[in-house]
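> What follows is a predicted protein model with its sequence.
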Amino acid sequence: MECLRCLPRLLPRAVQSRRALCVSRLSPAAFCGRVTLLLSGNQKAPSLPGAAGDVHRSRTSDASQATLASVAQVFAVTKFDKEGNVTSFERKKTELYHELALQARDLRFQHVMSITTRNNRIIMRMEYLKAVITPEYLLILDYRNLNLEQWLFRELPSQLAGEGQLVTYPLPFEFRAIEALLQYWINTLQGKLSILQPLILETLDALVDPKHSSVDRSKLHVLLQNGKSLSELETDIKIFKESILELLDEEEMLEELCLTKWSDPQVFEKSSSGIDHAEEMELLLENYYRLAEDLSNEALELRVLIDDSQSIIFINLDRLKSQHLSLGFYYSYYK
């Protein structure tokens, strides 16, 4: 990326030369810890709650659990068919998994990344995005309050109807649905990186500028925050890659993802004699694995830049410490 290649010219030579500065590279966690020790003062440990408070919370928790147990979970469901038609409705959890021939545990959508199959249904979990794919339609569950309206009602219907930029239009419906969801998630990760990248580059440039006699404390605070966000993004990308790789390593799973092949005899016959649907599914997943790998590499470049800038930042921090300036609230934030 052009802006990343240009950064070494913006940073002082002391940052680019590791031999010039005899400070070894630290891990992100060690970096935050070093900054914390240099910037913070002592802080009083929080007091423990008394026994009375514990009893009160216990009674409140018991009452809340009893209330929740007496109410059947209801899903807000948005249904998309092959023609791009959209309908919304509510279903009790027990009714929904019976209609879909699924089990109760299949609709327990924890905030994790996974793609599984059961009874010719694909269950996709991408943190807050919860979906069930059949050969005929796509269900998005409980999208409310997630700011997904524009994508759900403007972009996704046209993609599923064949009017977007997907590469799987000649293939059965489940291919389009899987690609649309994977594309959305890759775009989400890319969007986060696009926000972090200029902030980190700008902050690093300011922190290592030799014209500054001391560290700008607000800039350092921004770097620590953005470094933490970058670590979280790297974890999200890693989980995405691992989930895709797990599918690619299982030939049986690739076959099971081809729903229409097993529900339509004509499609099964064509797949056996012509287009190999499992091979097409493998190519689709490999493409999104490569896109995630590219994002991972871009995030790694930012991480390396932060690591390579630590030495000069620590020199300025030591100068700041010698001036007896205390920033104890940073410790409480990154504790």
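Yes, it's here. Residues are numbered from 1 along each chain as shown.

> Kindly indicate whether the nearest residue to Asp142 once chain neighbours are set aside is helix, strand or coil.
Closest residue in space to Asp142, ignoring its immediate chain neighbours: Ala76 at 5.3 Å, by CB to CB, 6 or more residues apart in numbering. For glycine as for every other residue, the C-beta is placed from the backbone atoms N, C-alpha and C. Following DSSP: H, G, I helix; E, B strand; the rest coil, the label given to Ala76 is strand.

> burial of Lys228, as a residue count?
Using other CB atoms under 10 Å, Lys228 has 14 neighbouring residues.

> tell me the contacts of the residue nearest to Asp142?
For Ala76, the contacting residues are Ser88, Glu90, Leu141, Asp142, Tyr143, Arg144, by CB atoms under 8 Å, 6 or more residues apart in numbering.

> do the same with Gln159
Going by CB under 8 Å, 6+ apart, Gln159 touches Gln165, Leu166, Arg176, Ala180.

> Any buried residues in the helix or strand harbouring it, and which?
Element membership of Gln159, judged by DSSP states H and E, is helix 156-160. Across helix 156-160, burial judged by 16 or more other CB atoms under 10 Å covers Leu156, Pro157, Gln159, Leu160.

> Nearest to Leu283 among those residues?
Comparing the buried residues of helix 156-160 against Leu283 with CB to CB places Gln159 closest, at 18.5 Å.

> Now pLDDT and distance to Glu286 too, for the buried residues of helix 156-160, in JSON lines please.
Shown next, in JSON lines, are these (pLDDT from 0 to 100; distance: CB to CB, whole Å):
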{"residue": "Leu156", "pLDDT": "94", "distance to Glu286": "23"}
{"residue": "Pro157", "pLDDT": "94", "distance to Glu286": "27"}
{"residue": "Gln159", "pLDDT": "92", "distance to Glu286": "20"}
{"residue": "Leu160", "pLDDT": "93", "distance to Glu286": "22"}
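
> the bottom helix or strand of this protein by mean pLDDT?
Counting by mean pLDDT, DSSP states H and E, the weakest-scoring helix or strand in the chain turns out to be helix 13-16, with a mean of 40.

> so where do the strands sit in the protein?
All strands of the chain, identified by DSSP state E, fall at 74-81, 86-92, 113-118, 121-126, 129-133, 137-141.

> most packed of those?
Among these, ranked by average contacts under mean count of other CB atoms under 10 Å, first place goes to strand 129-133 (a mean of 23).

> other SSEs contacting it?
The helices and strands touching strand 129-133, judged by 3 or more CB pairs under 8 Å, 6 or more residues apart in numbering; DSSP states H and E, are strand 121-126, strand 137-141, helix 173-207.

> Paired strands for the first one, with orientation please.
When you say that, I think you mean strand 121-126. strand 113-118 (antiparallel), strand 129-133 (antiparallel) (DSSP bridges).
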